[in-house]
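Student: What follows is a predicted protein model with its sequence.
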Amino acid sequence: MKTKVLKSNQIDEAVSFLKNGELVALPTETVYGLAADATNEKAVSKIFSAKGRPSDHPLIIHLDSVDKIIDWVEEIPDSAKKLADYFWPGPLTMIFQKKKPVSDLITGGLETIALRVPKHPIALTVIKKLGSAVAAPSANAHKRTSPTKPEHVLKTLSGKIAAIVDGGSCSIGLESTIIDMTRAVPVILRPGAITRVMIEHVINTHIQEQLEHQQKVPGNMAIHYQPEKPLFLISMEEIKRRVSQEKNVAIMHHSDILKTKNATYYKMPKNKAEYARSLYETLYRIDSTDVDKIFVEKPASHNKWFDIHDRLYRASSK
Ligand code: TXA
Ligand code: MG
């Protein structure tokens with residue numbers, strides 16, 4: 001199959017592919033998603049073969065509006081209504097008790113379901129025109145870095161999916177925050193642009209935050225989002241100490257550093273949102289070079305950077 005690259009004015013073609021049970025990669029504000037019509041089991045099953053994803057890893061259902069929650073969920077807690085009103089469309093995925101008829105293929109056999117309304121005009125228009133919802137994991141081969149540009153998607157999925165809609169770079173660049181609303185006290189399972197503090201302000205309750213890789217849900221793994229090159233998350237002191245022993249290393253740093261000939265230096269932004277936006281893009285860029293390994297300078301251990309620490313930790317060689 002040849003993967004067709006569609007422009008943002010060719011949305012109708014993307015919708016036809018989805019109606020015909022094909023897979024289409026779509027831009028969202030977080031990362032590119034690999035979409036299938038969520039009401040077509042055969043189409044959803046193609047997601048798993050295209051990505052090489054184990055069948056028990058649950059998928060996120062993407063809706064075009066808040067009112068569609070009731071198609072998928074038995075009961076919507078009041079706090080979830082507040083969060084939906086405040087943060088949707090946006091980078092927040094909420095987990096609910098699923099409605100009985102929802103396919104095990106989507107939930108990986110769990111009794112719960114993950115829902116999100118993305119804030120990207122292309123994704124929203126496609127879902128609206130499709131008239132149902134799309135199941136969409138990140139549009140990358142299993143365990144690889146999530147894509148924030150069309151060329152990242154093509155790198156691992158070209159020839160395996162019908163089309164991709166080119167929406168340029170994703171504005172956030174990290175996957176959505178995932179919050180489990182089925183517990184008495186909501187728990188953040190995956191940190192993201194919407195932080196614990198932002199959520200607590202809206203629902204006026206203390207919530208818990210658990211790094212995703214500590215959760216025993218299939219798909220939440222300590223090894224995930226890995227670039228092809230081994231990545232080491234270390235302090236600037238350690239980078240300085242270790243760089244002289246290397247032949248050809250990439251260094252992602254935000255502090256100033258004296259450059260050496262045996263390393264390629266990638267200056268990362270000091271601003272958190274900008275760092276998030278360029279993180280995966282920089283990893284894809286480094287992966288296309290011939291360096292042996294990647295040293296990443298550990299960012300500040302401030303709570304605001306929790307999502308970045310989580311992704312870097314999981315991208316690193318352990
Ligand atoms: O920003 C995002 O969330 C992107 C864009 C495309 O929307 N999607 C994304 O999907 O990152 P994916 O499949 O790569 O990651 C979804 C995560 C997985 O780790 C999965 O285990 C978890 O969500 N998940 C899905 N349903 C769940 C459930 N019912 N309970 C717990 N975790 C769930
Ligand atoms: Mg993913």
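Tutor: Thanks, I have it. On a predicted model such as this, the values are computed, not experimentally measured, just so you know. Ligands and ions are numbered 1, 2, ... in the order given.
Student: From the chain's centroid, how far away is the helix or strand bottoming out on mean pLDDT in the chain?
Tutor: Least confident helix or strand, the chain: strand 208-209 with a mean of 88, by mean pLDDT, DSSP states H and E. Put simply, strand 208-209 sits 19 Å off its chain's centre (CA atoms, centre = their mean, to the nearest Å).
Student: Which residues of the stretch 101-250 of the chain lie near ligand 1?
Tutor: Contact residues (CB under 6 Å from any ligand atom) of the stretch 101-250 of the chain with ligand 1: 107, 110, 112-114, 116, 118, 136-138, 175-176, 178, 189, 217, 219-220. Glycine gets a C-beta too; all of them are placed from N, C-alpha and C.
Student: then the longest helix that the chain contains to CSV, C-alphas only?
Tutor: In the chain, taking DSSP state H as the definition, the longest helix is helix 272-287. Extracted C-alpha coordinates of helix 272-287, given in CSV (Å, rounded to 0.1, in the frame of the first residue of the first chain):
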residue,chain,number,x,y,z
LYS,A,272,9.1,24.3,29.5
ALA,A,273,6.4,24.5,26.8
GLU,A,274,9.1,25.1,24.1
TYR,A,275,11.2,22.2,25.4
ALA,A,276,8.1,19.9,25.2
ARG,A,277,7.4,21.1,21.6
SER,A,278,11.0,20.3,20.5
LEU,A,279,11.7,17.2,22.5
TYR,A,280,10.5,14.4,20.1
GLU,A,281,11.5,16.4,17.1
THR,A,282,15.0,16.6,18.3
LEU,A,283,15.1,12.9,19.1
TYR,A,284,13.9,12.1,15.6
ARG,A,285,16.5,14.5,14.2
ILE,A,286,19.3,12.8,16.2
ASP,A,287,18.0,9.3,15.2
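Student: Any buried residues in it, and which?
Tutor: Neighbour-count burial for helix 272-287, counted by 16 or more other CB atoms under 10 Å, picks out 272, 275-284, 286-287.
Student: The closest residue to Asn40 other than its chain neighbours: what's it in contact with?
Tutor: Once flanking residues are discounted, Asn40 sits nearest to Gly21: 5.2 Å by CB to CB, 6 or more residues apart in numbering. Residues counted as contacts of Gly21 (CB atoms under 8 Å, 6 or more residues apart in numbering) are Ala36, Asp37, Asn40, Lys42, Ala43, Lys46.
Student: which among these gets closest to ligand 1?
Tutor: Distances from ligand 1 to the contacts of Gly21, taken as CB to the nearest ligand atom, are shortest for Ala36 (12.1 Å).
Student: The closest one: what secondary structure?
Tutor: Following DSSP: H, G, I helix; E, B strand; the rest coil, we place Ala36 in the strand state.
Student: Distance of it relative to Asp180?
Tutor: Look at Ala36 and Asp180: by CB to CB, to the nearest Å, they are 24 Å apart.
Student: which one of these two has more residues nearby?
Tutor: Using other CB atoms under 10 Å, the more surrounded residue of Ala36 and Asp180 is Ala36, with 29 against 22.
Student: Which residues are in contact with the closest residue to the more buried one other than its chain neighbours?
Tutor: Distances taken as CB to CB, 6+ apart place Ala43 nearest to Ala36, at 4.0 Å, with adjacent residues excluded. By CB under 8 Å, 6+ apart, Ala43 lies in contact with Leu18, Gly21, Glu22, Leu23, Ala36, Asp37.
Student: Quickly find the element holding Ala43.
Tutor: helix 41-51 (DSSP states H and E).
Student: mean confidence score for that helix?
Tutor: On average, the pLDDT along helix 41-51 is 98.
Student: do the same with stretch 131-138
Tutor: 97.
Student: what about it, how long is it end to end?
Tutor: Stretch 131-138 has its terminal residues 22 Å apart, counting by CA to CA, to the nearest Å.
Student: Just the buried positions in it, please.
Tutor: Within stretch 131-138, the residues scored as buried using 16+ other CB under 10 Å are Ser132, Ala133, Val134, Ala135, Ala136, Pro137, Ser138.
Student: What count of nearby residues applies to the closest residue to the last one other than its chain neighbours?
Tutor: Spatial nearest neighbour of Ser138, chain neighbours left out: Ser146 (4.0 Å); criterion: CB to CB, 6+ apart. Other residues near Ser146 number 25, with proximity taken as other CB under 10 Å.
Student: can you tell me the helix or strand for Ser146?
Tutor: Under DSSP H and E, no helix or strand contains Ser146.
Student: thought it was touching Gly33?
Tutor: No - if you go by CB atoms under 8 Å, Ser146 and Gly33 don't touch, sitting 9.4 Å apart.
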